[in-house]
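**Student:** Next come a sequence and a model predicted from it.
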Amino acid sequence: MKTVFSRLMGLFPRAFRESFAMGMLEMVALEYENARVKGRAAGIKEGFATIVDLTRSAIAERLYPSWVSRTPPRNLQPEFYSMISGWIRDTRHAMRSLRRTPTFTAMVVGMLGLAIGANAGMFSVVNTVLLDPLPYENADRIIRIAASAPGSDFPEEFAGGDEFYVQYREQSELLEDISTYNSFTATLRTNDRVERIRMSYPTYTLFSTLGARPILGRLPQAEDADETAVISHQLWNTWFGGDSTIVGQSFEMAGQSRTVIGVMGPDFRFPTDGTLLWLTDDITADEVRPGRFGRTPLVAKIKEGASFEAVTAELTALASRLPERFGGPPPYVRVIAQHRAVVRSLEEEMLGSVSSPLWVLLGAAGIVLVIAAVNTANLFLVRSEARQRDLAVRRAVGASSLQLVRIQMAEAVVLALFAGVVATFIAAVTLPMLLRAAPQGIPRLDLVGVNASTMLFTLAIALVSAFACGAVPALRGARPDLGRLREGGRGATGKRHWLRDGLVVGQTALALVLLIGSGLLIRSFSALRNVDPGYETEDIFTFQFAPDQPQLTDGPTWAQFHFEFMDRLRALPGVEMVGVVNNVPLDEGTSNQRFRNEEMANNEGAGPNLNYTFAGGDYFRTMGISVLRGRAFQRSDHTSDLGNAVISEAAANLLWPDQDPVGRRFTTDDAGNWMTVVGVVENVLQDEFRQAPEPVFYLPLVGPEPDSWRMSSPAYVVKTARAEVIAPEVRALVREVAPEAPMYRVYTMAGLADRSMVQLSFTMLTLGIVSSLALILGAVGLYGVLSYLVAERTREIGVRMALGAQAGQVRAMVVKQGAVVVGVGVVVGIVGALVSTRALGSLLYGVQAMDLGTFLGMSVSMVLIGLLASYLPARRASNVDPMEVLRGE
Amino acid sequence: MGKNPETGLSNLEYHVLLALAEGPLYGYAIKNSVAEESSGTLTPRAGTLYRVIARMMSRSFVVESGVKGDVPPSPGLARKYYALTPGGGQALKGEAARLKKAAALAEERLLAHQ
């Protein structure tokens, strides 16, 4: 505290300091010690009061010196002090004059505050999510590697197989480190809790590649060989209460016991925010079986100074030598010949889908700010117009242009600073609400808040808006028309209206751009709502639980369990039908593997990589998925030796184009077992409504052999009108059947459908709010300008009416003036929207970025609102009483 | 500040001169005297007090005094004492007379009210 006091001495002028600092310091120290004796709080209070006193006294001393030193002061910069004191005088003057016009002040502070607040909020989101670099060491050198094979029937971009990892890791000169990564859900079981959580199963090199270190324990090494796990900070806290003895304990993770060896820091979130656990393994050259594309997404760190182009070229060259090292069937060799590595920064990869909506929203907030600033500038213009006489007087008595500009700028700056305070408050209050409504999956969203950078940003845009709003009127006011003094100050001139009109044109245009943007989103939203996903979303309840019972050992025992449980579910009141599936649409993705039909049978590495899941009970009927050919599963299909399967229409078209697939046989990887198609069902949208339907194989609960597979973490689907309220009864039943297994992933399909659209609905809602704000501000701006115009022309209107003009004519005159301005604004806005709605790109669904209906509808609304805003002042104009006006002459 | 800058004194200035009329004092002691003699209504902090002292010195009402006091605050540091000048005495006297007149006026009026 004492150092603070002596620092504060530095604020006093040198001459004063030299004479009195020692005495002041002694006194301050004595007072402080005395206060501290009375207690901590008293000490803090005293310290604070002293700081305030010293600061205030120092400033006062600099402005109004009380100490006239005998020796002439050195290094005193009189210009500087006179400048500061000039500023303070201007500020005081501005405060006084603003206090005299409370409506103007409140309007400007409110309008700018709202607009700046919206920007501050959006900025803090963008800043944290998009601008803060990934919390990894040398994040700019971390890349994602994918494969492409132009000219082949492979997707534009896909992941390679294990051999790519091995080859790159061993032979690349430009990569410092490399790892695979993936993300899936599996069961974590501790003594008192069991749940399916999100995990990742990278190679052990993941952490060194990303440059991450654990906060507890150690990182995996090659020797750990798939028996260890690293847990996330979140899992450590929520499951284990931050217990520091967690390292060394073993739990069942993804079906096998593994030992926790380390805990990561809260910043480490890879590949997604929700990843709670990392199991690691290594991939060695002898495990490689070439041709299993799509298995191994890669992340790597490039060496310092290596360019993306050089890395791409090197990786492409390394991959081209894969067949000579690992062999592989002819189709594989063909694909490799066409292969090109795709290198992209990890940041770009992770933020790809969230960045454009966020930029759109920040842009929209920016537009609102521009509109608010234009309104403010307009208000300033009107105000300076009204003050022309005052300024002319000042000019006449010798004020310089600079002084006149300063007086006006001071007002703008004071207003903007107040607005900044209001904005910070608005952002701090609304940001948490905004974040609560935000979609899941935006990385680092929980770290967003009003922080130092937000405050700085707010201050900066407040000042910029101050200069923008204040500059035009201030510069105009600097050259007041001295003729006004002669005219008695009434002068009504129309010559500067173009400036205000121009501002309104700009506002109208910007508001229309936002309106069209949100119109397009609303249409996308309603289009998505009308998508037929292939299943019903109403009246369906779904949940999971993972029983752990000794008799559940293989496919048949699990199938038995599912059927017995489903019988009891069906007996609950109000339940119509029940089914079971491994991955419920909109909640979990399916697994995939290579499927071969009879023609492809002998061709290893052939056959498309397709999705599959397991289904039983009345799954298709419960979900409302129609059977197109053949039949759905029967209970008898779920025994081990039959191998009957149901496939989706898309899968049928892929493996058996133009043929009836019912009765045809297929096989998966090297199982050596054949399965038979017994039915074809409607396509479903598994992950979200905007994707194209993907081929799916529905396999029975029991595979060709009892041990082929077992469905141990199933999702049950229940058709019931009581979907919203049935959870407690189901929970009770689960507790009865499997007391060891808690229920999780409890949803209604309707809830899942809402969740899947939240990114769009969130953007739509936010943009909707922002564009309504823009519309209101734009209308207010137009109204303000026309009102002023009418007020200014009252005399002229009075004369016209005295000469016989009808009220209707006068109204038409004013409305026409408004209509012209709005019309020009709408045209400019349409052009602007044509250019800028492309930014909505991936958010749009079922509607073109240049949708004619939306453009037309919004433009018409804009014109109508413009006309309304003009009509009100027009009505006032037509109420002018000519006698009053003329008497006033 | 509610005073004539040429001759008048602010309340705090008056009390500072009043304190020094008893003899030379250093900063903290001045504050204590002021607090006591103003019945606790004035408790200036360091910055405020020393600006008043500076102003009084600039107006030649107060000078730095040669009298060295009891114990130095810490070894090697001498306290600065401040003393009233004859001019300061005159100013105090004038202000006291003014206050007296004002007080008499107040008494008179309050009496008239009763």
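**Tutor:** That came through fine. Numbering: from 1, shown residues only, chains lettered A, B, ... in the order given.
**Student:** For chain B, which segments count as helices?
**Tutor:** Using DSSP state H, the helices of chain B run over residues B:11-20, B:27-37, B:46-58, B:86-113.
**Student:** Name the secondary structure element that contains the closest residue to A:V333 other than its chain neighbours.
**Tutor:** Leaving aside its sequence neighbours, A:V333 sits nearest to A:P323 (Cβ to Cβ, 6 or more residues apart in numbering or on different chains; 4.7 Å). Backbone N, C-alpha and C define where each C-beta goes, glycine included. Taking DSSP states H and E as the criterion, A:P323 maps to helix A:322-326.
**Student:** in that helix, what counts as buried?
**Tutor:** Buried residues in helix A:322-326, counted by 16 or more other Cβ atoms under 10 Å in any protein chain shown: A:322-323, A:325-326.
**Student:** Let me know the average pLDDT across that helix.
**Tutor:** The average pLDDT for helix A:322-326 rounds to 90.
**Student:** Pull out the buried residues from the next helix or strand after that helix.
**Tutor:** The C-terminal neighbour of helix A:322-326 among helices and strands, as given by DSSP H and E, is helix A:330-338. Buried residues in helix A:330-338, counted by 16+ other Cβ under 10 Å: A:332, A:335-336.
**Student:** Run through the residues of chain B sitting next to chain A.
**Tutor:** Chain B has residues B:26-28, B:31, B:45-55, B:57-58, B:73, B:77, B:79-80 near chain A, with proximity defined as Cβ under 8 Å from any Cβ of the partner chain.
**Student:** which residue ranges form the helices in the stretch 501-650 of chain A?
**Tutor:** A:555-570, A:619-623, A:649-655 (DSSP state H, counting those that start in this stretch).
**Student:** So which elements touch the helix holding A:P323?
**Tutor:** In terms of contacts (3 or more Cβ pairs under 8 Å, 6 or more residues apart in numbering or on different chains; DSSP states H and E), helix A:322-326 is packed against helix A:162-171, helix A:330-338.
**Student:** wait, which of these is closest to B:E37?
**Tutor:** Proximity to B:E37, assessed across those by Cβ to Cβ, is greatest for helix A:162-171 (86.3 Å).
**Student:** Could you check the angle the helix or strand just after that closest one makes with helix A:162-171?
**Tutor:** For helix A:162-171, the following helix or strand on the C-terminal side (DSSP H and E) is strand A:175-180. Strand A:175-180 and helix A:162-171 are oriented at 160 degrees to each other (axes from the mean of the first three to the mean of the last three Cα atoms, to 10 degrees).
**Student:** quick one: contacts of strand A:175-180?
**Tutor:** The contact list for strand A:175-180 (Cβ atoms under 8 Å, 6 or more residues apart in numbering or on different chains) reads A:141, A:145, A:165, A:168-169, A:172, A:202-206, A:208-210, A:283, A:296-303, A:311.
**Student:** Among those, which ones are in strands?
**Tutor:** Residues of those located in strands (DSSP state E): A:145, A:298-302.
**Student:** would a markdown table of those residues with neighbour count be doable?
**Tutor:** Shown next, in a markdown table, are the ones in strands among the contacts of strand A:175-180 (neighbours: other Cβ atoms under 10 Å in any protein chain shown):
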| residue | neighbour count |
| --- | --- |
| A:I145 | 25 |
| A:L298 | 26 |
| A:V299 | 22 |
| A:A300 | 26 |
| A:K301 | 24 |
| A:I302 | 25 |
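**Student:** And those, which two are furthest apart?
**Tutor:** Using Cβ to Cβ, these span at most 12.1 Å, a distance reached by A:L298 and A:I302.
**Student:** got the phi/psi numbers for the residue in the stretch 201-350 of chain A positioned nearest to chain B?
**Tutor:** Of all residues in the stretch 201-350 of chain A, A:P266 sits closest to chain B, at 44.8 Å by Cβ to the nearest Cβ. For A:P266, the backbone dihedrals (degrees, to the nearest 10) come out as phi -60, psi -20.
**Student:** ok, now which ones touch it?
**Tutor:** Here A:P266 is in contact with A:233-234 (Cβ under 8 Å, 6+ apart).
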